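Visitor: Here is a sequence with its predicted model. Questions after.
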Amino acid sequence: MTPLAELLRPTSLDNYIGQTHLVGKEAILRNAIESGRIPSMILWGPPGIGKTTLASIISKTLNRPFHVLSAISSGVKDVRAVIDAAENEENAILFIDEIHRFNKSQQDSLLGAVEKGTITLIGATTENPSFEVISALLSRCQVYILKEFGVEELTQLLNNAVEYVKNNLGRNLEVKETEALFRLSGGDARKLLNAIEMIINSSSEQTIVIDNTHVLNVIQKSLAIYDKKGEMHYDIISAFIKSMRGSDPNGAVYWLARMIEGGEDPLFIARRMLIFASEDIGNSNPNALLLANACFDAVNKIGYPECRIILSQTVLYLASSVKSNSAIMAIDDAIATVRRTGDLPVPLHIRNAPTKLMKDLGYGKNYKYAHDYTGNFVEQEFLPEQLSGTRFYTPGDNPRERDTQRLLSERWKGKYGY
C-alpha cells in the first residue's frame, strides 16, 4: 500500500509547500527553473522538508531525464553507469540523496561529468556541505538552504491530508488540536503524514478525532526512539551540547551514550564538540580546541566501537572545563558592525605598500613595528577612523581571561574600555 506521504507528494511548483525564499514568485531558484537553465546544486536542510520532491519537480518541469541514486546503497560503479547513460541523453539530471554519505572517491567520480555538463547534479544533504562535500565538487554547485517547516506549512500539509482522506478514503478527520501532532513531527512533513496515517489505521471509526490526547496515545512509542534523521536527533544533540555548556559531565556522557546506541555518525558528534570547544570554552582553556581537534582526527581514523572511548574522554574534558563564549560574541559583534557600516577604508599607516607609488601616496607611512618597542607593544590605531575605540572582545570571567584583561588594560590604558 502506498504511504500517505507518497500519495500527497507535490508534482509541481504551484502545489509545492514551503521554501518560498527559493521557489516563491520571483525567487532565485524558481526563476532558474522557469528559464530552463539550472545549475548543479546541493539542497541542504533538515529531513522531510521537500528536498527529494523539489528535485523531482525540477526534472518534470524541465522534462529532463531523471536518474536517482541513494548514497547509502550506491557506489562509483552506479555513478559511472548513470554518466554513461547520460552521454546519450540531453540535459540529464542526477539526483543523489544523502550525498554527504559519499566518500571522496565517490564524489570525485562526479567531477568530470558535472564540469562537462553531461549531467546536472542535484544532491540532497542534511549535513553542512562545507564539511561533507569535497571542495572541488562544491565549487561546481550552487548551495540552496531549505528551511524546516513551521506551523503554517504543517497546517497546510494537515489540511491537504484531511481533504485527501475525505475524497479518496471516504473517512473524516476532525482536527480539534494540533500541538502534539506538530511537536511530534519536528517540522518533518514525512513524519507528520506518517503520524496521521498511523492515527487513521488505528481506528475503524468513520470520523476520527485528532486531539493531543489521541495523538500521544497512538504515537507514544516514537518518543522513546532515537531517530538520527528526525526530531529526536535534534533534541538529543541539543541536550548533549547544553549538558556540556552547563558543565555536567554526567549528563553529557549520558546523551553521548544515547547517540552511540542510536547509531549516530561519530564524526557528527566529534564535529559538534569541535565547534563547542571554541564557541563555549574558547580562550578560557585553549587546550579544549586542541583536544577536540585531536578527537575528530582519531575518530575519523578509528570508527566504532573503539572511538566511543575517545569521544567519552573528550566529552568529559569539555564538560568539566571552565567556560567562555567571548570568541563567538566577538566575531558576531564584529560581523554585525561590518554589515552595518559597510567597507570602511583601511587606515593608511597599516596598508600594504609593495610599490613606490603606494609609498608616495602614504601607504604604510608612520606604521610602528611592534617588535621595535619595549614589551613588543606600541599603541597605534588598527581600526577604521569611524570605529576608533570600538570594543569587540570582552574577556570572559575566568582565570586565564582575567590575566588577558589585565594585560590588555596595561597596554591600552583605558582604550576600548579595558
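Guide: Looks like it came in fine. Residues are numbered from 1 along each chain as shown.

Visitor: What segments of the stretch 51-200 of the chain are strands?
Guide: 66-70, 92-97, 119-125, 142-145, 172-175 (DSSP state E, counting those that start in this stretch).

Visitor: ok, now the stretch 301-418 of the chain?
Guide: Defined through DSSP E, counting those that start in this stretch, the strands belonging to the stretch 301-418 of the chain form an empty list.

Visitor: So which residue is dead centre in the chain?
Guide: Against the mean C-alpha coordinate of the chain, by Cα atoms, centre = their mean, the closest residue is N128 at 4.4 Å.

Visitor: Identify the bridge partners of the closest residue to that residue other than its chain neighbours.
Guide: In this structure, N128 finds its nearest non-sequential neighbour in W44, 7.2 Å apart by Cβ to Cβ, 6 or more residues apart in numbering. C-beta here means a position set from N, CA and C on the backbone, and glycine is covered the same way. Under DSSP bridges, the beta-bridge partners of W44 are T125, I145.

Visitor: what's the burial count for W44?
Guide: W44 is flanked by 22 other residues according to other Cβ atoms under 10 Å.

Visitor: okay, it: pLDDT?
Guide: Note for W44: predicted pLDDT of 94.

Visitor: about what we covered before: pipe the strands of the stretch 51-200 of the chain into CSV and attach mean neighbour count, mean pLDDT and distance to N31 per row.
Guide: Putting these into CSV (neighbours: other Cβ atoms under 10 Å; pLDDT from 0 to 100; distance: least, Cβ to Cβ, whole Å) gives the following:
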stretch, mean neighbour count, mean pLDDT, distance to N31
strand 66-70, 17, 93, 21
strand 92-97, 23, 95, 18
strand 119-125, 25, 95, 16
strand 142-145, 16, 94, 13
strand 172-175, 15, 92, 36
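
Visitor: Could you export the ones you listed as a markdown table, including distance to S59?
Guide: Listed next are the strands of the stretch 51-200 of the chain as a markdown table, based on distance: least, Cβ to Cβ, whole Å:
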| stretch | distance to S59 |
| --- | --- |
| strand 66-70 | 4 |
| strand 92-97 | 5 |
| strand 119-125 | 8 |
| strand 142-145 | 16 |
| strand 172-175 | 32 |
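
Visitor: Can you tell me which of those is nearest to Y363?
Guide: Evaluated over the strands of the stretch 51-200 of the chain, closeness to Y363 peaks at strand 142-145, with 37.1 Å, by Cβ to Cβ.

Visitor: so the residue nearest to the centre of the chain touches G45, yeah?
Guide: No. If you go by Cβ atoms under 8 Å, N128 and G45 don't touch, sitting 10.9 Å apart.

Visitor: There's contact between K60 and T11 in this structure, I believe.
Guide: Yes. Between K60 and T11 there is a contact under Cβ under 8 Å: 6.5 Å.

Visitor: and of the strands of the stretch 51-200 of the chain, who's closest to K301?
Guide: Closest approach to K301 among the strands of the stretch 51-200 of the chain is made by strand 119-125 (23.3 Å; Cβ to Cβ).

Visitor: State the three-state secondary structure for V209.
Guide: Following DSSP: H, G, I helix; E, B strand; the rest coil, V209 is assigned to strand.

Visitor: Name the nearest residue to it, ignoring sequence neighbours.
Guide: Take V209 and drop its neighbours on the chain: the residue closest to it by Cβ to Cβ, 6+ apart is E174, 4.9 Å away.

Visitor: residue contacts, the one you found?
Guide: Taking Cβ atoms under 8 Å, 6 or more residues apart in numbering as the criterion, E174 is in contact with T207, I208, V209, I210.

Visitor: which of those residues has the most neighbours?
Guide: In those, the most neighbours by other Cβ under 10 Å go to I210, 22 neighbours.

Visitor: all helices for the stretch 51-200 of the chain, in order.
Guide: Ranges of helices in the stretch 51-200 of the chain, per DSSP state H, counting those that start in this stretch, are 51-62, 76-86, 104-116, 129-132, 135-138, 151-164, 179-185, 189-201.

Visitor: Figure out which of those helices is closest to Q380.
Guide: Closest to Q380 of those is helix 129-132 (Cβ to Cβ; 36.0 Å).

Visitor: which outside residues touch the helix or strand of the chain with the lowest mean pLDDT?
Guide: Taking mean pLDDT, DSSP states H and E as the measure, helix 356-360 is the helix or strand of the chain with the lowest mean score, a mean of 80. Here helix 356-360 makes contact (Cβ under 8 Å, 6+ apart) with R351, N352, A353, G364, K365.

Visitor: how about low-confidence regions in the stretch 151-300 of the chain?
Guide: Regions of the stretch 151-300 of the chain meeting the criterion pLDDT under 70 cover residues 220-232.

Visitor: Apply 80 and report the result again.
Guide: Across the stretch 151-300 of the chain, the ranges flagged by pLDDT under 80 are 186, 219-234, 262-263.

Visitor: rewinding a little: distance of the residue nearest to the centre of the chain relative to A292?
Guide: To A292, N128 is 17 Å away according to Cβ to Cβ, to the nearest Å.
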